[in-house]
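Novice: can't give you the sequence, but here's the structure:
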């Protein structure tokens, strides 16, 4: 079983839609959770990070962690064509340790 | 501010040729450095990581090697490339903390 599971998509939505991206994981020791955005032919860039359970909001983006279910989500409100990218989740038990990545979900927002 | 440089952006190499990809970091000291390979549908595969000069850990057996000759320099090499070495290679650094990794812009390697 993979440490982190992520639906690869692709996901296609109309502009303005609410997007939900999700990852599940198996290691209950994971405490730190991150979302990266990767545009085509570019390196991933950090979008948001959270510690333990709960929600974190940054503009149109909300990261949610449910440790009891080993499930994390990224919500994008009022999606824009510029949000079209691959989104990768990542997590680690300790920030000094290796990070474990999902395979990424490809998102296309159609104008 | 911290920056990471990775080059070249694209590379086409014949089978059996050598490889050298370089990554340098600016604006930080003693970073942890990483080489990842990204293949479609398989996500990020950690190849090597380094916690200091000359200290290299390999995650998977392969046709590649890594070296860290200086604190902020990380090199990925191969003596003889295979077709299966084709992929998107990413260098990353971290100094711990919840912000995770900072990635370079990547090198797309095609072995022909």
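Specialist: Perfect, thanks for sending it. No experiment lies behind these values; they were computed from the predicted model shown.
Novice: Please count neighbours and contacts with C-alpha atoms only from this point.
Specialist: Fine.
Novice: I'd say residue A:61 and residue A:78 touch.
Specialist: No - under the criterion of CA atoms under 8 Å, residue A:61 lies out of contact with residue A:78, with a separation of 9.5 Å.
Novice: Kindly report the residues of chain A close to chain B.
Specialist: By the criterion of CA under 8 Å from any CA of the partner chain, the positions of chain A lying close to chain B are A:8, A:32, A:34, A:41-46, A:49-51, A:95-97, A:99, A:101-104.
Novice: where's residue B:17 relative to chain A, distance?
Specialist: Distance, residue B:17 to chain A, by CA to the nearest CA, to the nearest Å: 24 Å.
Novice: what about that residue, how many neighbours?
Specialist: Under the neighbour criterion other CA atoms under 10 Å in any protein chain shown, residue B:17 is assigned a count of 12.
Novice: Ok, residue B:82 next?
Specialist: Neighbour tally, residue B:82, other CA under 10 Å: 19.
Novice: Show the contacting residues for it.
Specialist: For residue B:82, the contact set (CA atoms under 8 Å, 6 or more residues apart in numbering or on different chains) comprises B:15, B:16, B:63, B:111.
Novice: Okay, and the beta partners of the last one?
Specialist: Read it as residue B:111. Taking DSSP bridges, one finds residue B:13 as the beta-bridge partners of residue B:111.
Novice: my guess is it meets residue B:80, correct?
Specialist: No - the pair residue B:111 and residue B:80 does not pass the contact test of CA under 8 Å, sitting 10.6 Å apart.
Novice: so what sits against both of the two?
Specialist: A shared contact of residue B:111 and residue B:80, defined by CA under 8 Å, 6+ apart, is any residue touching both; here these are residue B:15.
Novice: quick one on the thing from earlier: so residue A:61 and residue A:78 - more neighbours on which side?
Specialist: With other CA under 10 Å as the criterion, residue A:61 and residue A:78 differ in neighbour count, and residue A:61 comes out ahead with 18 against 14.
Novice: Kindly provide the distance from residue A:109 to chain B.
Specialist: 20 Å.
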